[in-house]
Structure formats: structure tokens, C-alpha cells
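>>> I'd like to go over a predicted model; first the sequence, then the structure.
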Amino acid sequence: MYKRLRNLTAFTLILQMTVSFSIGYIQPTYAVDEPIVETNINLVPEKKIDNDGKFKIALLPDTQVYAVHYPEIFNDQTQWLADNFKKDDIKFAMHLGDVVDGGTEAEWKNATAAMDTLDNNKVPYGVTIGNHDLSINHHDFVKYFGKSKAQDNPGFIECSDNEMNSAYTFEAEGRNFLVIFLDIDASNDELAFAQTVVDRYPNNPTIVVTHTLIGPEGDMASKPYTYKCAENNSPEQIWEKFISKNNQIFMTVNGHDQGANNIVRNNDAGLEVYQYLVDYQGGTKGGNGFLRVIELDLNDNRINHSTYSPTINEFKTDGKNKFSDKCEFERRLWNSEYLGVKSTNKFEGNKTQVTPVSSRGEWIAFDLGKNTTLTDLLIR
């Protein structure tokens, strides 16, 4: 049975603790109502959450049909974001790719006219490339949504050399986040670019946006969808080579496959990765303007999803479009570097290979060289 410690100061534990020079590890030997045992462990107090602890991100799923036939719906979506992002505390908007359908000049103009609304109102956003956006040598995507446009967006960090991948930061509730937009079927070089960004921002919880990753059943394809070169990676390989190996990646979002789905996978370290598919192009008029709004409630430990259309002023209310995931943010996003230790005092993991709580045995360990708090620390 696990007991939860909350609201303890940096120097007070209701436990007897054994401490080594560089690593502290905890073995409970007293009941929680026993006298307080003071220690001199140099823990950093939990960083307080600003405001109400809530903020939102928005997803613009495949807009390809709007770009061809219903540009007014595309305009409705971006105008709604421009009108409401401050009021609703939407910190970042993410286009999930397939901006256009056939890649005609008229489609690109419709798409850029809609997205210019975000630029003109300083809405932080980024765009990932879909298979319908590829055209010859990707020139059109680079022309309309490459570095020359992206670099003016709030939070922009950089683009890859081919301008098919980009990275941004945003701040919410006193915390800094990272968003990486990956090319469809990202190549090894593109994954290397993404890894360099992650390595430069190791303390930023990260969201990965790519056009295709999980499918309607939550599966990940074993073959690339578009590119057939040996250097390109399938969704499954992108997971295995990049996402699952970086603990700071806690969420992925993608479009491409019609419908909506959500799944929680465990990465190589046993930590949760929340994955979401959102794509309404198969609906009335190519989606009827529905977009996804995701609220992260850092105090209540919930990821709340709603799906709204400003065109018809309606919500989707089924379980795939309105739901809530539990996420222990403090543990998962900011204190995921606990190490598992057996009672023999032998470590089971290191800073990048976290042993799941369920298999840690009697011991929980933490690295004294890191900013570690006791919030939501689970002990046996």
C-alpha cells in the first residue's frame, strides 16, 4: 500500500532517512503519525504555480477541405482563436498538417489568409507538414510556412535546415514548455535535429506534433506513410527512436486518420505519454469547423478535452471528443528523475531510466544534485 506525502517543508520528514553523500534514499521505518525527524537534506521547495494552475492549448486538425471548398470555415477557426486566446488562456495553437489538399496556388492563398489572422493578433502557433502539403520538393510548404514565416511567431526557437521541422517554447502558470513540430515520416537527420532541441531544453516538458503517429485504434504504423527511403521513419520507429527515449516528452498530437482517439503509452522509462489523434475532415464540409481545446489543470492533475466548432457554435460530446485524463503533473513533468532502489541499496535506474513506482520495492530514491521536491512522492 502506498502513502502520499504532501505539504512537507524542505527540511522536515515524518520518516527516518538514511542519507549518502550524493544520493538520498528513503526507507519508511515509522508510521506517519510518529514524531517528526529533522534532516539536513538540501531539497529545493516546490515551485509555486502561478494564477489558477490552468491553461489551454488548441489543435487545428486537417484543414485541407476548407482550403479548397470552404475557406470561410478555416477563417472562422482562426478568428475564434484570435478573439479568445487571451480570454480563454490558450497559450499555444498547433496545426496538425494537411493544411491544403491538392496544393494549388488558390489553396495556399486561402490557407495563408486564414493563418495570417493568427499572425496579426500575435497568437502563438506552429504548423506541421502533412502528406497533402508536400508538393514538389516541399517548396510550397517552405514558401508559405517555412522559416521566413515561422521565425516571427511568438516563442520560435529554430527550424531544421530543410525548414520542415520547427521548435517553440511557451510559458504557462510560471512553467516553461517546449513544442516540437516533426516532418511526416521524419528522417534520422530530422530526429537528430529534434534531439538537439530537447537536449538544449532539458527542463521543459515537451509536446511533439507530427501529422501521423497514432491511428484510429491507437496503433502506430510500422511503415512510413509517404516517404519510402531507408532513412525515413515510420510512426513506430519515431516512437522507438525519439519519443520513448526522452522522458520530458509527455504528450503527442497528430491528425491524418479520420476520427479521434486517445491512448496513454509508457515510454522506455515507464513514464506516461499522452497521445491524441484529432481529425474531422470526413465530416460535414470537411469537419464543420471543429477544433480541439485541451486544458491542463496543474492543481487538479487533469488533462481536459473539449471539441468546439465556432462555425456552428456546437460541441462534440461523445467520449472521444470530451474526456479527461489524469496526469500527476508534478511527478510526471518536473520530478520524474526519481531512481528506483532495492533494499540492497543497488540502483535500478539512472536520471534517464526511471523505474516505475509499482516496481520500486521498498525504496524511493532521489538525486540530491537536482531540483527535487517531495510533492506527490509515493512511498510504501
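Okay, I see it. Numbers count the residues shown, from 1 in each chain.
>>> low-confidence ranges in the stretch 101-250 of the chain?
By pLDDT under 70, the weakly predicted segments of the stretch 101-250 of the chain are 136-137, 228-229.
>>> again, but for the stretch 251-380 of the chain
336-380.
>>> for it, which segments count as helices?
329 (DSSP state H, counting those that start in this stretch).
>>> and residue 55, helix, strand or coil?
Look at residue 55: counting by DSSP: H, G, I helix; E, B strand; the rest coil, its state is strand.
>>> show me the contacts for it.
Counting by C-beta atoms under 8 Å, 6 or more residues apart in numbering, residue 55 makes contact with 89, 90, 91, 172, 173, 295, 296. C-beta here means a position set from N, CA and C on the backbone, and glycine is covered the same way.
>>> what about 6 Å?
Going by C-beta atoms under 6 Å, 6 or more residues apart in numbering, residue 55 touches 89, 91, 172, 173, 296.
>>> redo those residues as TSV? Include secondary structure, distance to residue 248 and neighbour count.
Below are these laid out as TSV (DSSP: H, G, I helix; E, B strand; the rest coil; distance: C-beta to C-beta, whole Å; neighbours: other C-beta atoms under 10 Å):
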residue	secondary structure	distance to residue 248	neighbour count
89	coil	23	15
91	strand	17	21
172	strand	15	22
173	coil	17	20
296	strand	15	24
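>>> which two among these are spaced furthest apart?
89 and 296 (10.1 Å; C-beta to C-beta).
>>> circling back to that earlier point, list just the nearest of the contacts of residue 55 to residue 134.
Taking the contacts of residue 55 together and measuring to residue 134 by C-beta to C-beta, the closest member is residue 91, at 29.5 Å.
>>> how about that closest one, what does it touch?
Counted by C-beta under 6 Å, 6+ apart, residue 91 has contacts 55, 170, 172.
>>> give me that answer again for 7 Å
55, 56, 57, 124, 170, 172 (C-beta atoms under 7 Å, 6 or more residues apart in numbering).
>>> quick check: closest non-adjacent residue to the residue nearest in space to the middle of the chain.
Residue closest to the average C-alpha location in the chain (C-alpha atoms, centre = their mean): residue 207, at 2.3 Å. Among residues not flanking residue 207 along the chain, residue 251 sits closest, at 4.6 Å (C-beta to C-beta, 6 or more residues apart in numbering).
>>> ok, now residue 273?
Distances taken as C-beta to C-beta, 6+ apart place residue 265 nearest to residue 273, at 5.0 Å, with adjacent residues excluded.
>>> residues near the one you found, how many?
16 (other C-beta atoms under 10 Å).
>>> hmm, residue 275 and it touching each other?
Yes: under the criterion of C-beta atoms under 7 Å, residue 265 makes contact with residue 275 at 6.2 Å.
>>> do me a favour and get the end-to-end distance for stretch 263-280?
In stretch 263-280, first residue to last residue: 18 Å (C-alpha to C-alpha, to the nearest Å).
>>> got the CA positions of stretch 219-227 in PDB?
This file holds the C-alpha atoms of stretch 219-227, laid out as PDB (Å, rounded to 0.1, in the frame of the first residue of the first chain):
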ATOM      1  CA  ASP A 219      -1.800   1.800 -33.100                       C
ATOM      2  CA  MET A 220       1.300   3.100 -34.700                       C
ATOM      3  CA  ALA A 221       2.100   2.000 -38.300                       C
ATOM      4  CA  SER A 222       5.300   0.000 -38.800                       C
ATOM      5  CA  LYS A 223       6.000   1.500 -42.200                       C
ATOM      6  CA  PRO A 224       6.400   5.200 -43.300                       C
ATOM      7  CA  TYR A 225       3.200   6.600 -44.900                       C
ATOM      8  CA  THR A 226       4.700   8.900 -47.600                       C
ATOM      9  CA  TYR A 227       8.500   8.600 -47.800                       C
END
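>>> distance from the chain centre to it, please.
On the basis of C-alpha atoms, centre = their mean, to the nearest Å, stretch 219-227 sits 21 Å off its chain's mean C-alpha point.
>>> against residue 93, how distant is residue 51?
As judged by C-beta to C-beta, to the nearest Å, residue 51 and residue 93 stand 20 Å apart.
>>> kindly export the helix or strand encompassing residue 179 (C-alpha atoms) in PDB.
Taking DSSP states H and E as the definition, one finds residue 179 inside strand 175-182. Written as PDB, here are the backbone C-alpha positions of strand 175-182 (Å, rounded to 0.1, in the frame of the first residue of the first chain):
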ATOM      1  CA  ARG A 175       6.400  26.900 -16.100                       C
ATOM      2  CA  ASN A 176       8.200  26.700 -19.500                       C
ATOM      3  CA  PHE A 177       7.100  24.200 -22.100                       C
ATOM      4  CA  LEU A 178       8.600  23.100 -25.400                       C
ATOM      5  CA  VAL A 179       6.800  22.200 -28.700                       C
ATOM      6  CA  ILE A 180       8.500  20.300 -31.500                       C
ATOM      7  CA  PHE A 181       6.900  20.000 -34.900                       C
ATOM      8  CA  LEU A 182       8.200  17.000 -36.800                       C
END
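>>> give me the sheet partners of it and which way each runs.
The strands that strand 175-182 pairs with in its sheet are strand 166-172 (antiparallel), strand 206-210 (parallel) (by DSSP bridges).
>>> got a list of what residue 244 touches?
Contacts for residue 244 (C-beta under 7 Å, 6+ apart) come out as 267, 268.
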